[in-house]
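Novice: Predicted structure and sequence below. I'll ask about it afterward.
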Amino acid sequence: MLVRFHGEAELRPSDSRVQLANLEMRRSPLGVLAAMWRLRCLVQAFRPDVVNSHLVHANILTRLLRLVTPMPRLVSSAHNTNEEGQGRMLAYRLTDRLVDISTNVSQEAVEAFEVQGALKAGRMLAIHNGIDTKHFAFDVDAREKVREELKLSESTPLLLAVGRLWEPKDYPNLLQAFAHIHTHNSSACLAIVGDGPLRNVLELLSASLGISEKVIFLGVRHDIPALLSACDIYVMSSAWEGLPMVILEAMAAQRCIVATDCGGIRAVLDDTGFVVKTEDSQALGQALHRALGLSEEARGQVGVAARKRVVDHYSLQATAERYLAVYRGEEIVSKE
């Protein structure tokens, strides 16, 4: 069974045996209590062997629910290095004894939780995200179709960034870096996929930097594999991350990647991409300039190596096996 707080589910289970439930939570104290009562009833009726919550609100609320609702095993999964506030980290610390084990998407993220006092060392495991490497693979036909839609010739260098338009992704860093390389490579274009509260701000910044004609804000899209095939370089400018799935997806699509050094990115890419420090648009721009300067053959070799690394280490099978070990209690941590 999969349970969500509220809203419509953008993705639905492909297996009809998986039930999808909506708690219809309202943003008020009574609304939260009502939703937690519905979740309690679902747990009592379904009687799961394991409950695995994801993200900060679900993690804290499910832990508190365990005080009045038996759960044989409870796993809390975080997906970031930064939960945006000491209050949230304190909530993690105060409720840690209510969970059997916590996970996060990279070792860097685990260490960040420990440093911020969310839990003691040994109470959280790193389990990398996994992707369907068959779904995310380079597709020549998809590349041609998307480039035709965007009115780009095959010779036009296309940079792609995917993610919500909000503070953690640090898109101002990316736009400033792109403005830097635009003085050297005026033919390059940048496509940004996603929406969010900073869209108007970013569009205005793009105009003020004189690059609005070369920056395409695509909004929410559901054809990410095709967009990855269409681009030449995938770029991530985040100030902080857990382990973004799209980096793995871009690697699987054999893209050359330029990314900031956060969320375990350096360990994931290894020597199959360019990594620069966060919040440094000059360094990001220089790395983009170097990536654009590679020959088509050299970028292709980088992409092939990136895909091999994902297939070897970040497949769905590898991630599923690790989670199953946690569910069975085979991964033991201290509760001290």
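Specialist: Structure's in. What do you need? Numbering: from 1, shown residues only.
Novice: mind listing what the closest residue to residue 260 other than its chain neighbours touches?
Specialist: Distances taken as CB to CB, 6 or more residues apart in numbering place residue 278 nearest to residue 260, at 4.5 Å, with adjacent residues excluded. Just so you know, the C-beta spots here come from the backbone N, C-alpha and C atoms, and that holds for glycine as well. Residue 278 sits next to 170, 173, 238, 239, 240, 260, 261, 262 when contact means CB atoms under 8 Å, 6 or more residues apart in numbering.
Novice: Could you double-check that residue 92 lies in contact with residue 123?
Specialist: No - the criterion here is CB atoms under 8 Å, and residue 92 misses it with residue 123 at 9.8 Å.
Novice: Among the contacts of residue 278, which are located in strands?
Specialist: residue 260 (DSSP state E).
Novice: Put together CSV for the contacts of residue 278, with distance to residue 246 on each row.
Specialist: As requested, those are exported to CSV (distance: CB to CB, whole Å):
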residue, distance to residue 246
170, 15
173, 17
238, 11
239, 16
240, 15
260, 13
261, 17
262, 14
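Novice: Where do the helices of this protein begin and end?
Specialist: 29-46, 56-65, 86-94, 107-115, 140-149, 171-182, 199-208, 224-230, 245-252, 265-269, 281-293, 296-313, 316-328 (DSSP state H).
Novice: For the second one, buried residues please.
Specialist: Neighbour counts using 16 or more other CB atoms under 10 Å place 56, 58, 59, 60, 61, 62, 63, 65 of helix 56-65 among the buried residues.
Novice: now, which of the residues you listed sits nearest residue 223?
Specialist: The nearest member of the buried residues of helix 56-65 to residue 223, counting by CB to CB, is residue 58 at 28.4 Å.
Novice: For residue 4, see how far away the closest one is.
Specialist: Distance of residue 58 to residue 4, computed by CB to CB, to the nearest Å: 9 Å.
Novice: What residues does residue 118 make contact with?
Specialist: Residue 118 touches 83, 89, 92, 93, 96, counting by CB under 8 Å, 6+ apart.
Novice: Which of those residues scores worst on pLDDT?
Specialist: Least confident entry in these, by pLDDT: residue 83, with 80.
Novice: so what's that one up against?
Specialist: 56, 89, 92, 118.
Novice: does the first one really touch residue 79, like I thought?
Specialist: Going back to what we said before, that points to residue 56. No - counting by CB under 8 Å, residue 56 stays clear of residue 79, with 9.2 Å between them.
Novice: who wins for neighbours among the contacts of residue 118?
Specialist: Counting neighbours by other CB atoms under 10 Å, residue 92 leads those with 25 neighbours.
Novice: quick one, what contacts that one?
Specialist: Neighbouring residues of residue 92 by CB under 8 Å, 6+ apart: 56, 59, 60, 83, 113, 118, 119.
Novice: Make CSV out of those and add distance to residue 207.
Specialist: Formatted as CSV, these follow (distance: CB to CB, whole Å):
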residue, distance to residue 207
56, 35
59, 40
60, 41
83, 33
113, 39
118, 40
119, 45
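Novice: any idea which of these is closest to residue 288?
Specialist: Taking CB to CB as the measure, residue 288 lies nearest residue 83 of those, at 30.0 Å.
Novice: Write a PyMOL command that selects only the buried members of the contacts of residue 278.
Specialist: Restricted to buried positions by 16+ other CB under 10 Å, the PyMOL selection for these reads:
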select buried, resi 170+173+238+240+260+261+262
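Novice: Next, format the contacts of residue 278 as CSV and append distance to residue 304 and pLDDT.
Specialist: Shown next, in CSV, are the contacts of residue 278 (distance: CB to CB, whole Å; pLDDT from 0 to 100):
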residue, distance to residue 304, pLDDT
170, 29, 97
173, 29, 98
238, 25, 96
239, 30, 94
240, 30, 87
260, 24, 97
261, 23, 94
262, 25, 89
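Novice: Skip the chain neighbours and tell me the closest residue to residue 64.
Specialist: residue 95 (6.6 Å).
Novice: State the pLDDT value of that neighbour.
Specialist: The model reports residue 95 with a pLDDT of 97.
Novice: need the contact list for it.
Specialist: Going by CB under 8 Å, 6+ apart, residue 95 touches 60, 63, 64.
Novice: With residue 207 as the reference, measure out to it.
Specialist: Residue 95 sits 46 Å away from residue 207 when distances are taken as CB to CB.
Novice: Where does confidence bottom out across the contacts of residue 92?
Specialist: The member of the contacts of residue 92 with the lowest pLDDT is residue 83, at 80.
Novice: From residue 323, how far off is that one?
Specialist: Distance, residue 83 to residue 323, by CB to CB: 21 Å.
Novice: got it, and residue 159?
Specialist: 34 Å.
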